[in-house]
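1. attaching a predicted model along with its sequence, questions to come.
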Amino acid sequence: MFAAMALVVTWLGQASFRFDVGGKRILVDPFFAEHEARLYPPESVDEHGAGVDWLLVTHEHIDHLDPYSLREVAARSPGLTVVAPAPLEAMVRDAAPAAAFAGVHRGERVELPGAGSATVVPAIHGRTVADGYPDDPAFVGFVLDLGGTSVYHAGDTIVTDTVRRALAPLRVDVALLPINGRTHYREREGLVGNMGTRDAVALATEIGATILVPYHWDLFRGNTEWPGRVVDDAVEAEAPLHVLTLRRGVPWAA
Amino acid sequence: MFAAMALVVTWLGQASFRFDVGGKRILVDPFFAEHEARLYPPESVDEHGAGVDWLLVTHEHIDHLDPYSLREVAARSPGLTVVAPAPLEAMVRDAAPAAAFAGVHRGERVELPGAGSATVVPAIHGRTVADGYPDDPAFVGFVLDLGGTSVYHAGDTIVTDTVRRALAPLRVDVALLPINGRTHYREREGLVGNMGTRDAVALATEIGATILVPYHWDLFRGNTEWPGRVVDDAVEAEAPLHVLTLRRGVPWAA
Amino acid sequence: MFAAMALVVTWLGQASFRFDVGGKRILVDPFFAEHEARLYPPESVDEHGAGVDWLLVTHEHIDHLDPYSLREVAARSPGLTVVAPAPLEAMVRDAAPAAAFAGVHRGERVELPGAGSATVVPAIHGRTVADGYPDDPAFVGFVLDLGGTSVYHAGDTIVTDTVRRALAPLRVDVALLPINGRTHYREREGLVGNMGTRDAVALATEIGATILVPYHWDLFRGNTEWPGRVVDDAVEAEAPLHVLTLRRGVPWAA
């Protein structure tokens, strides 16, 4: 029997997370670039983007695949491998030509030696609203086994049977889920939607997570959600899980 | 110059409203029957269901077209006319054979002599989730001109361009809107969705309502919403309207 | 260097917590008794109240010093010591005559061999509203050092300079705080108040906690609070801490 390795999770805002485990560092969807719709400045790439071993990308939208972040993280991380859906290879290589690239497909399990593994799961989102939330291989989530703790990062996705079926056989301890929802008027603004707070609670419950961490509620003007709603929805549903609302930039020992 | 006739609105829970104007009484979607999923008992049919002139129905679901209510209201209302989408004629006549029936179509304007009129507008909902939110003439809303005040009762509907286009040329002072939203897990339970809180605020704003009254957040276990969310969403959106959360059974002089 | 011992925290509802660390078990304010104002049944005393080493009491109110819980826990815990404010000695000995009793005073540090220690801090509450929130030695909180993690259980208290001064020199990692607030009408019902959600966020911030866990929002009809408000208040304040809303009965590895 081995004890689990200590895992430290640092939320960097929106869908961006840093994981430190066993001396390895993983970033998911880093977004260190400035952007006119930002409600707060980006976290420091010097602090969070150096010495990164793996940079995981869930899909191509700017707040998830940010060329500036890829370039700047690669420049500070000699051993970097970018892990992204295979269809995004050109975008990733263009942004970070010096980094190794691992194109992944749904259902695959990618080893992260010394840290754990990443199982690739589907995400149902879309490049544009007009895509109609297709089942597109360029959109994924990851179930990360990091030092013995299983963390699901959903990417950007609504809940569908495709998502639920892919997760059913996997163990999840901590569910990191988007909560900003999907509305007619936001779609008219070009904002492709995600699950809302009630679906996040129900999905986390169904997959057996003990802790639900909401994300994607904070960054862009006009696309926010109140995270307290997740809490009250979980209470209303008597969901058997804790809801953890992280503060950006403050490490959490998971 | 004549003053507008006094209009009194009494919410009876869920989508059910009573309007008193010029000595006339109108009910929309009365639901006086018991039901196992009710979170509170029905209002009194003796108090609210007697002497009714028009009973308007938006669609066939039990909390909107309740055969018990139709029968009991008809028994207490000698001059009753039931106004409902034409495809529901058989259901209505079966429930209240003695009452007059007016089958209506989207786009029509129905006169309510002595009270005002009702303009029929589309609602996008569905008998079952599998229907996929079709554009079905059996689902409507009403824009009621009652003593000079224009009140939009949306029925059960999501927001779509069809709904928006139908409302665009109409004046609306008071928007009565469902807010319980549409989620994957509720749809799995067979619950056809409606607009959520943010879309309700945006729609009320777009159609120029001065007052937004949320409904359909309160009645059925497992299909509720917190009405305070509409308030916070309106504040966040800086929407130029008042949000009025009515108490069931307490008259409001509109 | 010693690794921190694993600490597991299980919330049992209201102010009641179970701590497991280094093979030792600690309960704070257990309340396993039935009560007419309960909104949910008590947790199982067999599951949570057996083999307890220390039972800490913050003050004499029934949801904190419950004679039934003291008796039943003592019956299942041969090595039990009850730690309570010295003025409560008679009440404790009366409820659990067989258990050891340690009467404590504010400012003292009590060793909990094999688990850590408990530093006694003031709480400002009152037996009745008429007491006027006095500085009374019968009301305390505890700063628990459990396996290297510092957990502040505030008891029932408002925030005052007395409370803040006592906490200032102490390190706190996790702040367990009541959030049900203090209102005129609840005081008229005989309910002595506590800090509300905003003061909980501000106090947790001031004492340097990384995690704020709200409690005392759930149990008694007429004395609840929405825990989501703590989350939204923390976001509004940009408080540099995480907010963790625990689910009753589900262990949390702190």
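-> Great, that's in hand.
2. need the per-residue pLDDT for the closest residue in space to A:A98 that isn't next to it in sequence.
-> Residue nearest to A:A98 in three dimensions, not counting chain neighbours: A:A74, with 5.6 Å by CB to CB, 6 or more residues apart in numbering or on different chains. (C-beta placed from N, C-alpha, C; glycine too.) Note on A:A74: pLDDT of 98.
3. and A:M1, by the same measure?
-> 32.
4. repeat for A:M5
-> 81.
5. again, but for the one 4 residues further on
-> A:V9 carries a pLDDT score of 98 in this model.
6. how close does it sit to chain B?
-> Using CB to the nearest CB, to the nearest Å, we find A:V9 at a distance of 26 Å from chain B.
7. and that residue, helix, strand or coil?
-> strand (DSSP: H, G, I helix; E, B strand; the rest coil).
8. pull the number of nearby residues for it.
-> Using other CB atoms under 10 Å in any protein chain shown, A:V9 has 21 neighbouring residues.
9. can you name the residues bridging to it?
-> A:F19, A:W252 (DSSP bridges).
10. C:H242 versus that one, what's the distance?
-> 10 Å (CB to CB, to the nearest Å).
11. need the overlap of contacts for the two.
-> Taking CB atoms under 8 Å, 6 or more residues apart in numbering or on different chains as the contact rule, A:V9 and C:H242 both touch A:L246, A:W252.
12. my read: the residue nearest to A:A98 touches A:Y68, true?
-> No. Using CB atoms under 8 Å, A:A74 is not in contact with A:Y68; the gap is 10.9 Å.
13. higher neighbour count, the two?
-> A:A74 (21 against 17).
14. surely the more buried one is in a helix?
-> Yes. Judged by three-state DSSP, A:A74 forms part of a helix.
15. show me where the stretch 151-254 of chain A has its strands.
-> A:174-178, A:211-215, A:242-245, A:252-253 (DSSP state E, counting those that start in this stretch).
16. spatially nearest residue to the residue of chain A found nearest chain C, not counting backbone neighbours?
-> As assessed by CB to the nearest CB, chain C sits closest to A:G228 within chain A, at 3.1 Å. Excluding its sequence neighbours, the residue lying closest to A:G228 (CB to CB, 6+ apart) is C:G228, at 3.1 Å.
17. ok, A:G132 next?
-> A:G126 (6.8 Å).
18. what's stretch A:35-49 in contact with?
-> A:10, A:12-13, A:16, A:18, A:27, A:30-34, A:62-63, A:69, A:72-73, A:76-77, A:218-224, A:248-249.
19. returning to that earlier point: the residue nearest to A:G228 touches A:T245, doesn't it?
-> No. Using CB under 8 Å, C:G228 makes no contact with A:T245, being 9.3 Å away.
20. find residues that contact each of those two.
-> Counting by CB under 8 Å, 6+ apart, the common neighbours of C:G228 and A:T245 are A:P227, A:G228, A:V230, A:V231, C:T245.
21. which residues touch the third one?
-> When contacts are counted by CB under 8 Å, 6+ apart, A:V230 is found next to A:I179, A:T197, A:A200, A:V201, A:L212, A:P214, A:V243, A:T245, C:G228, C:V231.
22. from these, which is closest to A:G116?
-> Among those, A:L212 lies closest to A:G116 (CB to CB), at 20.7 Å.
23. is that closest one in contact with A:D173, as I believe?
-> No. When contacts are counted by CB under 8 Å, A:L212 is not listed as touching A:D173 (10.8 Å).
24. which one of those two has more residues nearby?
-> Between A:L212 and A:D173, counted using other CB under 10 Å, the more crowded position is A:L212 (27 against 19).
25. for B:D161, which of the strands of the stretch 151-254 of chain A is the nearest?
-> strand A:174-178 (25.7 Å).
26. please save the CA atoms from the closest one in CSV.
-> Listed next in CSV are the C-alpha coordinates belonging to strand A:174-178 (Å, rounded to 0.1, in the frame of the first residue of the first chain):
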residue,chain,number,x,y,z
VAL,A,174,-13.3,15.9,-7.3
ALA,A,175,-15.5,17.3,-10.1
LEU,A,176,-14.4,20.6,-11.6
LEU,A,177,-17.4,21.7,-13.6
PRO,A,178,-18.4,24.8,-15.6
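27. and that strand with strand A:7-11, angle?
-> 10 degrees (axes from the mean of the first three to the mean of the last three CA atoms, to 10 degrees).
28. strand A:174-178 near chain B anywhere?
-> No. Strand A:174-178 lies out of reach of chain B by CB under 8 Å from any CB of the partner chain, never closer than 12.5 Å.
29. near chain C, anything from that strand?
-> No. Against chain C, strand A:174-178 shows no contacts by CB under 8 Å from any CB, the least distance being 11.0 Å.
30. on that earlier part again, now the residue nearest to A:G132: how far from A:G193?
-> A:G126 is 9 Å from A:G193, by CB to CB.
31. return every residue with contacts to both of the two.
-> Shared contacts of A:G126 and A:G193, defined by CB under 8 Å, 6+ apart, are found at A:Y133.
32. so where's chain A shaky on pLDDT?
-> Counting by pLDDT under 70, chain A contains low-confidence ranges at A:1-4.
33. what ranges does it have for its helices?
-> Using DSSP state H, the helices of chain A run over A:45-48, A:67-76, A:89-95, A:161-167, A:184-188, A:197-206, A:228-237.
34. please identify the deepest-packed of those.
-> Highest mean neighbour count of those: helix A:197-206, a mean of 25 (counted as mean count of other CB atoms under 10 Å in any protein chain shown).
35. what residues does it touch?
-> With CB under 8 Å, 6+ apart, helix A:197-206 has contacts from A:158-159, A:163-164, A:167, A:172, A:175, A:177-179, A:181, A:195, A:212, A:214, A:225, A:229-230, A:233-234, A:237, A:239-241, B:181, B:183-186.
36. the residue lying closest to A:P67 once chain neighbours are set aside and B:F142, how far apart?
-> Leaving aside its chain neighbours, A:P67 sits nearest to A:A95 (3.7 Å; criterion: CB to CB, 6+ apart). Counting by CB to CB, the separation of A:A95 from B:F142 is 54 Å.
37. ok, A:P214 next?
-> 38 Å.
38. which one's more surrounded, these two?
-> Set A:P214 next to B:F142 and count neighbours by other CB under 10 Å: A:P214 wins out with 30 against 25.
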